[in-house]
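S.K.: Sharing a model that was predicted from the sequence below.
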Amino acid sequence: MGILVENVSKNFGSFKAIEQVNLEVKTGSLVALLGPSGSGKSTLLRLIAGLELPDTGKIYLTGKDATYQSVQDRNIGFVFQHYALFKHRTVRENISFGLEIRKVPAKKIQGRVEQLLELVQLTGLGDRYPSQLSGGQRQRVALARALAVEPEVLLLDEPFGALDAKVRKDLRAWLRRLHDEVHVTTVFVTHDQEEAMEVSDEIVVMNKGRVEQVGTPAEIYDHPASAFVMSFIGPVNVLPSSSSIFQEQRFEAPNPEVFLRPQDVVVERVANGTTTPATVSRVIHLGWEIQVELNLDEGQVVMAHLTRDRFKELELEPEQRVYVKPKDAKSFPLYYSI
Ligand SMILES: Nc1ncnc2c1ncn2[C@@H]1O[C@H](COP(=O)(O)OP(=O)(O)OP(=O)(O)O)[C@@H](O)[C@H]1O
């Protein structure tokens, strides 16, 4: 096991930042800690790094009890959101820093740095200073520097958080490819569900200091364990179980709230026995899909996401009458409610 977190809790004063968290990260996997602001992602990462001490519980790294080990002894690489490169050192000197501290022979350092520059696709930029690089390039240097000392565990705290959307998207695809090459056990903090889905083998969804669910991106999306997970991962309509859209479906809801994904709303132009009438109030063209806002006759608003082909077939316009039904919907036992 790459990382094992066993029953860990961490309080700041009377505030419970992490509550009885259990987590296993398989050796060589890339796992995302995903959750809203304040859910405890960074605190959990800092506990794994040894930057915080748990109040209770144990942390094992590559099979060894690391709970009270110092940061230096944990053999981890760390990258934060705000690149902490040394401004007065070149890219090459930044990457070699950890190796120099460990008194690795100069010749070996030279070879390793060139290898790392190639790995992070910065060959030829070794003599530049951080100020002469773009934000994305700086984060790649930070990753190369973290990888230089061959850590057993790589911890990334919103490494692309400060970058613009396009660079961020490129870098996450790059991170996935990099991970497939180096296979170092990696934990990656993000509050961006798309980023987590795209990059990771497994996602740990956190809420209020607790782990809500652990699973592959598909498991988390298709089988959310709680109302919180369902509404945090992907768009969702939250409707009362008494809504007319559910009446013909004999949908048994253990909770007065029912969760319906916009892509699971079936829209027809002609009524049939199982549909309910609605009026189109807005059409949003996003290019790859069309979002349609619908008003049910009793006043509830339902979003439907349609493919371009389906939208063309339906020829929808605002004010148009349509007939809708759910393809799939979920309700969670009440004790799971947010
Ligand atoms: N050193 C500290 N002292 C007091 N409270 C803290 C400390 N560090 C974190 N907290 C609190 O613990 C909670 C969890 O913080 P944490 O940074 O782990 O959340 P997060 O999920 O990473 O959020 P974000 O996405 O905003 O970074 C927050 O309410 C935060 O204010």
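M.R.: Looks like it arrived, so ask away. Treat the numbers as computed from the prediction; the structure is a model and nothing was measured. Residues are numbered from 1 along each chain as shown.
S.K.: so who does the nearest residue to residue 202 once chain neighbours are set aside touch?
M.R.: Of all residues beyond its chain neighbours, the one nearest residue 202 is residue 31 (4.9 Å), with distances taken as C-beta to C-beta, 6 or more residues apart in numbering. Yep, even glycine has a C-beta here, placed from its N, CA and C like the rest. By C-beta atoms under 8 Å, 6 or more residues apart in numbering, the residues touching residue 31 are 25, 186, 187, 188, 200, 201, 202, 203, 204.
S.K.: The helix or strand encompassing residue 31 and the ligand, are they touching?
M.R.: In this structure, residue 31 sits in strand 30-34 according to DSSP states H and E. No - shown here: strand 30-34 not in contact with the ligand (C-beta under 6 Å from any ligand atom), separated by at least 7.8 Å.
S.K.: For the residue nearest to residue 202, give its distance to the ligand.
M.R.: 15 Å (C-beta to the nearest ligand atom, to the nearest Å).
S.K.: Contact residues of the stretch 1-150 of the chain facing the ligand?
M.R.: 12, 15, 17, 35, 37, 38, 39, 40, 41, 42, 43.
S.K.: Out of these, which end up buried?
M.R.: 17, 35, 39, 40, 41, 42, 43 (16 or more other C-beta atoms under 10 Å).
S.K.: For the residue in the stretch 51-200 of the chain that the ligand sits nearest to, what are phi and psi?
M.R.: Nearest residue of the stretch 51-200 of the chain to the ligand (C-beta to the nearest ligand atom) works out as residue 191 at 4.8 Å. Backbone torsions of residue 191, given as degrees, to the nearest 10, read phi -110, psi 10.
S.K.: pLDDT value on it, please?
M.R.: Per-residue pLDDT puts residue 191 at 90.
S.K.: wait, it sits on residue 42?
M.R.: No - between residue 191 and residue 42 there is no contact under C-beta atoms under 8 Å: 10.2 Å.
S.K.: How about the spatially most central residue of the chain: what's its closest non-neighbour residue?
M.R.: By C-alpha atoms, centre = their mean, the chain has its centre lying nearest to residue 196, at 2.6 Å. Once flanking residues are discounted, residue 196 sits nearest to residue 32: 3.8 Å by C-beta to C-beta, 6+ apart.
S.K.: List the contacts of that neighbour.
M.R.: Contacts of residue 32 (C-beta under 8 Å, 6+ apart): 187, 188, 189, 190, 195, 196, 199, 200, 202, 203, 204.
S.K.: Pop the domain breakdown of this protein in here.
M.R.: 3-232, 237-336 (automatic domain parsing).
S.K.: most tightly surrounded among those?
M.R.: domain 3-232 (a mean of 18; mean count of other C-beta atoms under 10 Å).
S.K.: Now do the same for the residue lying closest to residue 130 once chain neighbours are set aside: helix, strand or coil?
M.R.: For residue 130, ignoring the flanking residues on the chain, the nearest one in space by C-beta to C-beta, 6+ apart is residue 85 at 4.3 Å. Secondary structure, DSSP: H, G, I helix; E, B strand; the rest coil: residue 85 is coil.
S.K.: which intervals of the stretch 1-150 of the chain have sub-threshold pLDDT?
M.R.: 83 (pLDDT under 70).
S.K.: how about the helices in it?
M.R.: Along the stretch 1-150 of the chain, counting by DSSP state H, counting those that start in this stretch, helices occupy 41-49, 91-101, 106-119, 135-148.
S.K.: Could you export those to TSV, including columns for distance to residue 225?
M.R.: TSV is the format used below for those (distance: least, C-beta to C-beta, whole Å):
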stretch	distance to residue 225
helix 41-49	18
helix 91-101	40
helix 106-119	37
helix 135-148	32
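S.K.: residues in contact with the nearest residue to residue 185 once chain neighbours are set aside?
M.R.: Leaving aside its chain neighbours, residue 185 sits nearest to residue 2 (3.3 Å; criterion: C-beta to C-beta, 6+ apart). By C-beta under 8 Å, 6+ apart, the residues touching residue 2 are 25, 26, 27, 28, 29, 61, 62, 152, 153, 185.
S.K.: cutoff 7 Å now
M.R.: Listed by C-beta atoms under 7 Å, 6 or more residues apart in numbering, the contact set of residue 2 reads 25, 26, 27, 28, 29, 62, 153, 185.
S.K.: same deal with residue 268?
M.R.: Neighbours of residue 268 in contact, by C-beta under 7 Å, 6+ apart: 275, 322, 323.
S.K.: Just flag the most distant two among the buried ones among the residues of the stretch 1-150 of the chain next to the ligand.
M.R.: 17 and 35 (12.1 Å; C-beta to C-beta).
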